[in-house]
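[1] Just need the structure, nothing else, for what follows:
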Amino acid sequence: MAMKLNNQEKKELDKFTKFLALKSTQIIVQSRLGEKVTTPSKPLPAGPDWFNLNISDLPEVLAEAKKVLNGEVLSSRLPLCVEISLRTVEGDHMVLETWCLGMLPQRCDPTARIVHTVYNRMGILLKSLVSVTRVTPAYKLSRRQGPDSYVMCYRIYMDDPQFHNLGDGHKQMCVGQICTPIGTLLLSVTYRTKMTISPTQTGKDNSMMLKSDHFNTNLSPKSRRYNQK
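    As a prediction, this is how the structure comes out:
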């Protein structure tokens, strides 16, 4: 049964949940830029280093996430989703994965302390997210994107996840969950398993199969990022 929080506890949980959502979008989108990211360790984290993670915010991603959240918190209604897709130079488009962060009000932990327990578990969840973003098929594809082949796009929205865009046979993976006094925060990813683009052109078969070893890394063109809004 959900616990009724006092004003201070509610304010803290809303703030932590908001920054969890904002940092999650940064981790997901930055993992699809096609670049290796190395960040030095900070023995003494500064104020902006939420959850003890040294991850700089991309301004355009931060602005888009804030626009979608529009002051709302995840406990209020629909989950926050980050959709990653691929667009070829011919203009063909294919959704690769959808990441979802939402609240399950049916499951809660009235004994969980907001400042210590919940906050620390959010940091652990984000560290797990950094690892999981490197094991789905879209990561290898993102490392081989370029202006002569394809680019990766992202879309952030707050609504029911659109899994039908992932085709038949898509798979789901739970990144982690955090029990709070008012419900359980759940972070998951659902990803495509069939990587075939079949553009419809009269009298011409331009089907293209994308797989993890489709492109030679040494011959891959210089990567760049592409933001689809």
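
[2] any low-confidence regions in the chain?
    Within the chain, the segments meeting pLDDT under 70 span 1-3, 42, 45-48, 74-77, 198-229.

[3] Heading C-terminal from the longest strand along the chain, find the next helix or strand.
    Ordering each strand of the chain by length in residues (DSSP state E) puts strand 93-104 first. Next helix or strand after strand 93-104 toward the C-terminus (DSSP states H and E): helix 119-132.

[4] For that next one, which helices and strands make contact with it?
    helix 7-30, strand 171-180, strand 183-191 (3 or more Cβ pairs under 8 Å, 6 or more residues apart in numbering; DSSP states H and E). The way it works is simple: take the backbone N, C-alpha and C, and place the C-beta from them, glycine included.

[5] what sits against the residue most central in space within the chain?
    Nearest residue to the geometric centre of the chain (Cα atoms, centre = their mean): Ile28, 3.8 Å. Contacts for Ile28 (Cβ atoms under 8 Å, 6 or more residues apart in numbering) come out as 82, 84, 99, 129, 133, 154.

[6] Can you give me the buried ones in stretch 113-123?
    Within stretch 113-123, the residues that count as buried by 16 or more other Cβ atoms under 10 Å are 114, 117-119, 121-123.

[7] Need the residues that contact it.
    So stretch 113-123 is contacted by 5, 9, 12-13, 16, 20, 51-53, 112, 178, 180-181, 185 (Cβ under 8 Å, 6+ apart).

[8] who wins for neighbours among the contacts of Ile28?
    Trp99 (29 neighbours; other Cβ atoms under 10 Å).

[9] Name the nearest residue to it, ignoring sequence neighbours.
    Once flanking residues are discounted, Trp99 sits nearest to Val82: 4.4 Å by Cβ to Cβ, 6 or more residues apart in numbering.

[10] Next: Ala138.
    Counting by Cβ to Cβ, 6+ apart, Ala138 lies nearest to Leu96, which is 4.3 Å off, once chain neighbours are set aside.

[11] need the contact list for the one you found.
    So Leu96 contacts 84-86, 137-138, 141, 152, 166, 191-192 (Cβ under 8 Å, 6+ apart).

[12] same thing but 7 Å
    Applying Cβ atoms under 7 Å, 6 or more residues apart in numbering to Leu96 gives the contacts 84-86, 138, 141, 191-192.

[13] mind listing which of the residues you listed are in helices?
    138, 141 (DSSP state H).

[14] what pairs with Tyr150 across the strands?
    The partner list for Tyr150 in beta bridges (DSSP bridges) reads Thr88, Gly146.
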